[in-house]
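Colleague: I'd like to go over a predicted model; first the sequence, then the structure.
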Amino acid sequence: MLVIDGSEGEGGGQVLRTCLSLATLTGRPFRLVNIRAGRRKPGLRPQHLTAVRAAAAICQARLSGAHLNATTLEFYPQSEPQAGHYRFDVTEAAGQGSAGSVMLVLQTVLWPLLFANRPSHITLLGGTHVPFSPSYHYVAKVACPAFARFGVDWQLALEAWGWYPAGGGKVTAVISSVSHLQAVAFTPQPITQVAGIAAVTNLPAHIPQRMARRAHNLLADAGLKPHIEAVRERGRAPGAGIVLWTTGGGASALGRKGLPADKVAETAVAEMLAFVQNGAAVDKHLADQLLLPMALAQGSSSFTTNELTNHTLTNARLLHQWLEIPIQIEGEPGKPAHIQVKGIGFTRST
């Protein structure tokens, strides 16, 4: 059994999610200790426990330590990934309302279900736009096009917004099956346009309009052509935020009581311009998310990123530990970097 120390590197939930994806794909059991040791509240939180249960459902895994706040988990796959209709609700793990990220749960099961023998239909309930997690729109507008270049075929739909702390969001996905992933060399693309959405639920319409207007003006001043949509939706509770995206990168900011709408927009624009003006192929968040498909692909994949994060470094070390693949990283933490990965050429069992 592979034993992984969750305190190494960034010490967060990404170690758990990568282990779950790879164990479900390969059938290899693992024992994870010191789960999320680097966080203020270590152990399995509702979204992490939901990811564990989701991966286990797909491969009928036997579990030990699968409960809230657990710091050690054992995961024993009992079958290859099984396609089907699945429903994963973060509130069931929490025992109450929760805004745990459904997008992180979805990314845990995406890679195993891609290699199932038929399409799968997934319904996820919880947080769709929450702190410290990729939002629905980031995944749909930035990650999806990048994943498609590997041959990933999936469709996403946002059926209800879920903000922190109330949750109540709903995302559905249809994941088609593939036999293999193809290698991709991501190269910098000229960026002239930025799209986005400024949204609120259960709040006045002038708030998203102010966020959109401020983001539009700042992006235009930087020489870009912005298209920012302002929307007012219904949800379980009040919430506000803005998400921006362009080829290879995105940025977002969430509102909170007392924070002016203009300031929310300025935060997102500053992050977007940091990526655009660097000239890298992918942003620091997508860099982390690309490593797993690169490791599974047939051939060598590569990209440049505007910032090498501890998340990316941790995931690279973990993938090497699981798959023993060569990963070349040129660059220093916190600075631009070039990464190349020679994939194992994983294929679906027949």
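Modeller: Happy to help now that I have it.

Colleague: G84 contacts S120, correct?
Modeller: Yes: the pair formed by G84 and S120 meets the contact definition of Cβ atoms under 8 Å, at 5.9 Å. Any C-beta I mention is one placed from the backbone N, CA and C, and that applies to glycine too.

Colleague: give me the more crowded residue out of those two.
Modeller: Ranked by neighbour count (other Cβ atoms under 10 Å), G84 and S120 place S120 first, with 23 against 14.

Colleague: what's the domain layout of this protein?
Modeller: Under the assignment named as automatic domain parsing, the residue ranges that make up the domains of the chain are 2-179, 193-276.

Colleague: measure the closest residue to S349 other than its chain neighbours to P46 for me?
Modeller: Closest residue in space to S349, ignoring its immediate chain neighbours: E80 at 5.8 Å, by Cβ to Cβ, 6 or more residues apart in numbering. Summarising the geometry, the distance separating E80 from P46, computed by Cβ to Cβ, to the nearest Å, is 28 Å.

Colleague: these two: who's more crowded?
Modeller: Remark: of E80 and P46, P46 carries more neighbours, 24 against 18, as counted by other Cβ under 10 Å.

Colleague: phi, psi of the closest residue to the more buried one other than its chain neighbours?
Modeller: Leaving aside its sequence neighbours, P46 sits nearest to A94 (Cβ to Cβ, 6+ apart; 3.8 Å). Dihedral pair for A94: phi -80, psi -30, per degrees, to the nearest 10.

Colleague: A94: what's it in contact with?
Modeller: Listed by Cβ atoms under 8 Å, 6 or more residues apart in numbering, the contact partners of A94 are 46, 68, 100.

Colleague: correct me if wrong: the first one contacts A93.
Modeller: Yes: with contacts defined as Cβ under 8 Å, P46 counts as touching A93 at a distance of 4.2 Å.

Colleague: so which residues make contact with stretch 330-342?
Modeller: Residues from elsewhere that reach stretch 330-342 (Cβ under 8 Å, 6+ apart): 278, 280, 287, 291, 294-295, 299-310, 312-313, 316, 319, 325-329.

Colleague: give me the distance between the two termini of that stretch.
Modeller: Across its full length, stretch 330-342 reaches 15 Å end to end, with Cα to Cα, to the nearest Å as the criterion.

Colleague: now do stretch 24-32
Modeller: 14 Å.

Colleague: still on that earlier bit, L296 versus the residue nearest to P46, what's the distance?
Modeller: Counting by Cβ to Cβ, the gap from A94 to L296 is 31 Å.

Colleague: and the residue nearest to P46, how far from G127?
Modeller: Using Cβ to Cβ, we find A94 at a distance of 11 Å from G127.

Colleague: do L20 as well
Modeller: Between L20 and G127 the distance, using Cβ to Cβ, works out to 19 Å.
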